[in-house]
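Undergrad: got a sequence here, can you build the structure:
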Amino acid sequence: MSLFNLFLKSVFLDNMIFAYFLGMCSYLAVSKTVKTSAGLGLAVTFVLVVTVPVNYLVNKYLLAPGALAWINPSWASLDLSFLTYIIFIAIIAAIVQILEMIIETFTPALHSALGIFLPLIAVNCAILGCSLFMQERGFSNVGEAAVFGLGSGIGWLLAIVAIAAIREKLRYSKIPKGLDGVGISFIITGLMGIAFMAFMGIKL
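TA: Below is the predicted model of the structure:
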């Protein structure tokens with residue numbers, strides 16, 4: 001599969017929100033305004049672009065069965081894959097911490113708007129899920145891992161900005177009391193997920 005096809009697939013067919021429903025907590029909590037949603041979406045995209053290739057290299061040269069053979073041939077039998085979750089989460093947390101410091105320094109207004117959800121990117125299941133998908137699919141090089149991370153981030157950004165735009169318009173609509181807020185957001189998310197299924201007809 002070409003890098004362009006991989007990018008399109010990760011944005012539309014394997015969308016983290018609409019195909020796997022990963023990252024729903026921040027997706028629903030932050031998507032009240034387009035501006036804040038775009039800021040969080042860009043932050044998530046940045047974290048994915050950085051962490052997925054880094055985790056690919058760590059997995060290939062440290063965690064995978066026989067990965068340590070490049071250091072010492074006698075270590076070829078070692079399998080550190082049981083450390084995958086710990087190492088992946090540690091790398092993600094480190095990148096998120098650096099990102100939070102950058103945002104707080106240069107855009108304090110966005111940092112204040114995102115609040116607790118910015119550091120919570122570290123435990124966003126979409127971030128970890130993307131790295132685990134990368135490991136499961138066995139990409140052949142770090143370029144494919146980077147494109148997959150970029151596409152997944154763009155897909156997540158597209159999803160949260162779209163729901164935020166819809167929720168802004170819903171403020172002027174008469175919604176039944178029992179569905180107002182998160183209830184109608186779940187319904188719209190389900191409908192958008194069904195709409196994104198139309199992209200499954202694309203032959204890549």
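Undergrad: name the helix or strand of this structure that has the lowest mean pLDDT.
TA: Least confident helix or strand, the chain: helix 108-114 with a mean of 80, by mean pLDDT, DSSP states H and E.
Undergrad: check which residues of the helix or strand that it is followed by are buried.
TA: Next helix or strand after helix 108-114 toward the C-terminus (DSSP states H and E): helix 125-137. Within helix 125-137, the residues that count as buried by 16 or more other CB atoms under 10 Å are 125, 126, 127, 128, 130, 131, 132, 133, 134, 135. For every residue, glycine as well, the C-beta is placed using N, CA and C.
Undergrad: looking at pLDDT only, which of these scores worst?
TA: Ranked by pLDDT, those bottom out at residue 125, which scores 89.
Undergrad: how is the spatially closest residue to that residue that is not a sequence neighbour assigned, secondary-structure-wise?
TA: In this structure, residue 125 finds its nearest non-sequential neighbour in residue 22, 4.8 Å apart by CB to CB, 6 or more residues apart in numbering. Three-state assignment for residue 22 (DSSP: H, G, I helix; E, B strand; the rest coil): coil.
Undergrad: neighbours around residue 22, how many?
TA: Applying other CB atoms under 10 Å, we find 20 residues neighbouring residue 22.
Undergrad: same deal with the one 4 residues further on?
TA: Look at residue 26: counted by other CB under 10 Å, it has 25 neighbours.
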